[in-house]
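Enquirer: Okay, predicted coordinates and the sequence, questions at the end:
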Amino acid sequence: MSGQQGQWWQWVQYLVERFREKGATGPDRAMTAQELGLHERFQEGMKRRLGQTGIFVDIGGKYYLNEEGLKAFVQRRQNGESGMGRRRRNLFGLRILRMILGMSIILLFVVNLFEGRSLGIWYLIVVLAIAWICVTVIQIITMARNRY
């Protein structure tokens with residue numbers, strides 16, 4: 001686990017204990033971040049990665065600890081299926097695919113220039129270029145959604 005991920009997980013564990021200490025463990029016992037004594041960083045985190053974990057639930061500005069969400073998150077983490085790792089692998093795969101498509105486009109372009117100028121190869125280059133653009137757009141959307 002990287003240092004940044006380790007710090008994030010320590011922060012989550014601190015938050016879990018804080019929610020338990022204050023008794024914010026169900027919808028009927030939800031509290032504001034101020035009542036829990038949490039920094040505004042918590043509310044910012046809930047809009048991002050922290051809110052995606054399912055560990056804490058926001059009910060109109062009040063929060064509670066979702067024990068089932070915590071158990072599910074810990075289980076996924078132990079199975080190596082943490083959201084962050086999966087998203088990084090997906091992005092890595094998209095980058096590799098973009099690189100392969102780009103290299104193929106360049107190779108076909110160069111070969112077509114020097115070998116025969118086949119119309120079929122030009123069509124293939126166009127199709128690969130469109131695929132490259134689509135993969136690029138998917139990568140941008142994925143990065144924006146995950147706020148890298």
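Expert: Perfect, I can see it now.
Enquirer: C-alpha from now on. contacts and neighbour counts both.
Expert: OK.
Enquirer: remind me which residues of the protein are low pLDDT?
Expert: Filtered on pLDDT under 70, the chain yields the residue ranges 1-5, 80-86, 146-148.
Enquirer: Secondary structure class of residue 63, three-state.
Expert: Three-state assignment for residue 63 (DSSP: H, G, I helix; E, B strand; the rest coil): strand.
Enquirer: Can you check my assumption that residue 58 lies in a helix?
Expert: No. Residue 58 is assigned strand when assessed by three-state DSSP, not a helix.
Enquirer: Number of residues surrounding it?
Expert: By other Cα atoms under 10 Å, the residues close to residue 58 number 18.
Enquirer: Kindly report the same for residue 55.
Expert: 22.
Enquirer: Same check on residue 36?
Expert: So residue 36, with other Cα under 10 Å, has 19 neighbours.
Enquirer: Tell me how the chain divides into domains.
Expert: What automatic domain parsing lists as the domains of the chain is 3-78, 83-146.
Enquirer: and the longest one, how far out from the chain's middle?
Expert: Spelled out, that is domain 3-78. 18 Å (Cα atoms, centre = their mean, to the nearest Å).
Enquirer: so where do the helices sit in the chain?
Expert: Remark: helices assigned in the chain by DSSP state H are 3-22, 33-36, 40-46, 49-52, 67-78, 83-115, 119-146.
Enquirer: Output these in JSON lines; the columns should cover distance to residue 59.
Expert: Formatted as JSON lines, the helices of the chain follow (distance: least, Cα to Cα, whole Å):
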{"stretch": "helix 3-22", "distance to residue 59": "15"}
{"stretch": "helix 33-36", "distance to residue 59": "12"}
{"stretch": "helix 40-46", "distance to residue 59": "12"}
{"stretch": "helix 49-52", "distance to residue 59": "12"}
{"stretch": "helix 67-78", "distance to residue 59": "15"}
{"stretch": "helix 83-115", "distance to residue 59": "23"}
{"stretch": "helix 119-146", "distance to residue 59": "22"}
